[in-house]
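[1] This is a predicted model, with the sequence first.
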Amino acid sequence: MANERHTDARTWEVDSSTRQSVHPYTKYKPFRSATSTTAANLTSVARGEIATNWVTNPRIEATDIGIFTASGSAISRSTAQQSVGTASLLVNPANSANHEGFYWESPKIPFSVNPQYLSVQVEHRGASASGAVKIEIKDTTNTVQHAVSDSSDLATSWTRITTTYTIPGSTASAAYRLYVTTAGQHNINYYVDKIMFEVREDTTAVSTYVDGASGINYEWTGTANASTSIKRPDADVIRGIKITNESSTSAEIVYVAFDTTATTSTGIPVLAGATLETNYPLDFRNNVSGIAAQGTPTVSGVIWGIAGF
C-alpha cells in the first residue's frame, strides 16, 4: 500500500464483510479502571478517526533524511530534541533572507472531478525562544503559494502548526510541496518533528497526527519509518469480552452491562477474584458499564470486535 486515503479504510481490514459468521475479530481494546457504587463506563467503542500520512519518515527516526530538501538553510537529523521517538530535523537558517528552511514534495495527486483537500502539519521547537516559523503548501516550482499558516513563534517547547488547501475539482494531476521556513529573517536554529501530509475528499479538517508507531490500529504501509502510514478504524462493534474483578473482598461484586447503564439488580455479576469471558459472538455498539456492590474494586480486561462498515 502507498499514498493511502481514508476512503481506502475498507481495504485495510482482513475481511470487510458485515456477515458475522465470516468476519474475523480484528480489533481489540484493553481496559483497566476502578469501579464504585455509582455506575460508570468501563470502556466504550467508536470507529474514531481514520487518517493517513504520506510522509515516509515523519518522526525522523530513519537516519536517511533525503526526502527533505534544504531551502536557504542546512538541515540534519538530531537526537538533541524530539516531540516523539528519538530524533527530529534540525534546521540551521542561513540568516540571509526570509523563508529559510526545507520542503517535502508529495507524489502526484491524481485527477479528480471532485474537490480534494490537502492538510499539512508539523511540530516545531526553537533552540531558544526567539524568531518564528510558518508552513506553506506550494507548487513544485516554488512560485505559487496555495496556502500558508499563521506565523508561529519559536519556543523551548513543542508547538503544532497546520494549514489546508482545497484542490478544485477537475484540476490536473500534480505534486505539491510542504515548506517549513522562517517567518522573517533570523538565525535561530529550530527543530521539526511529526510531519504530516494528508489528502482527503470528505473534510478540510486537519486530522490528528498519524504514523505507524502511534499505537493500536496505527501501522506503516511498508518498512517502518520509510513508508506511508495509516490510522485504521477502531472497533465499533463489540463481539466479545474478558473482564476480571481484581478484588479479594467477597462483598465487592461488580455488575456489568452492555449498551446501557449497569445496576446491581440487572447487571451481570462478576464476583471478587472471578473472570467473566464470553464464548459466543456479541453484538453491542456503544459501551460496557460497571457498578460495584460496595467499595471501589478494580476491574481489568479486554474487548474484541470489528469495525462495522
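    Sure thing, it's come through.
[2] how far out from the middle of the chain is stretch 212-223?
    9 Å (Cα atoms, centre = their mean, to the nearest Å).
[3] That should have said stretch 131-150, apologies.
    From the chain centre to the centre of stretch 131-150 is a distance of 24 Å (Cα atoms, centre = their mean).
[4] Can you give me the end-to-end span of it?
    13 Å (Cα to Cα, to the nearest Å).
[5] Pull out the buried positions in it.
    Burial within stretch 131-150, assessed by neighbour count using 16 or more other Cβ atoms under 10 Å, is assigned to Gly131, Ala132, Val133, Lys134, Ile135, Glu136, Ile137, Lys138, His146, Ala147, Val148, Ser149. (Each C-beta comes from the backbone N, C-alpha and C, glycine too.)
[6] does the fourth one really touch Thr162, like I thought?
    No - under the criterion of Cβ atoms under 8 Å, Lys134 lies out of contact with Thr162, with a separation of 11.0 Å.
[7] which residues do those two both contact?
    Common neighbours of Lys134 and Thr162 (criterion: Cβ atoms under 8 Å, 6 or more residues apart in numbering): Ser149.
[8] What about Thr263, how many residues nearby?
    By other Cβ atoms under 10 Å, 12 other residues sit near Thr263.
[9] now Gly215
    Look at Gly215: counted by other Cβ under 10 Å, it has 8 neighbours.
[10] again with Asn187
    15.
[11] Does Asn41 touch Ile291 like I think?
    No - assessed by Cβ under 8 Å, Asn41 is found out of contact with Ile291, at 10.8 Å.
[12] Between the two, which has more neighbouring residues?
    For Asn41 and Ile291, the more surrounded residue by other Cβ under 10 Å is Ile291, and the numbers stand at 21 against 14.
[13] Tell me how far the more buried one lies from Ala257.
    According to Cβ to Cβ, to the nearest Å, Ile291 stands 8 Å off from Ala257.
[14] which residues do these two both contact?
    Counting by Cβ under 8 Å, 6+ apart, the residues touching both Ile291 and Ala257 are Thr263, Gly267.
[15] Most widely separated two among the buried residues of stretch 131-150?
    Gly131 and His146 (24.5 Å; Cβ to Cβ).
[16] Look up how far Thr159 lies from the spatially most central residue of the chain.
    Taking Cα atoms, centre = their mean, the centroid of the chain lies closest to Val210, which sits 3.7 Å from it. Taken as Cβ to Cβ, the spacing of Val210 relative to Thr159 amounts to 19 Å.
[17] do the same with Lys27
    33 Å.
[18] cool, Ser173 as well?
    Counting by Cβ to Cβ, the gap from Ser173 to Thr159 is 34 Å.
[19] So for the two, which residue has more residues nearby?
    When Ser173 and Thr159 are compared for neighbours, Thr159 comes out ahead with 15 against 10, by other Cβ under 10 Å.
[20] Let me see the contact set for that one.
    Neighbouring residues of Thr159 by Cβ under 8 Å, 6+ apart: Glu123, His124, Arg125, Ser152, Asp153.
[21] list the contacts for the nearest residue in space to Ser128 that is not next to it in sequence?
    Distances taken as Cβ to Cβ, 6 or more residues apart in numbering put Ile188 closest to Ser128, at 6.0 Å, once the chain neighbours are dropped. Counting by Cβ under 8 Å, 6+ apart, Ile188 touches Pro93, Gly126, Ala127, Ser128, Ser130, Gly131, Leu154.
[22] Ok, Ile75 next?
    Counting by Cβ under 8 Å, 6+ apart, Ile75 touches Ile65, Phe68, Leu89, Leu90, Val91, Asn92, Phe102.
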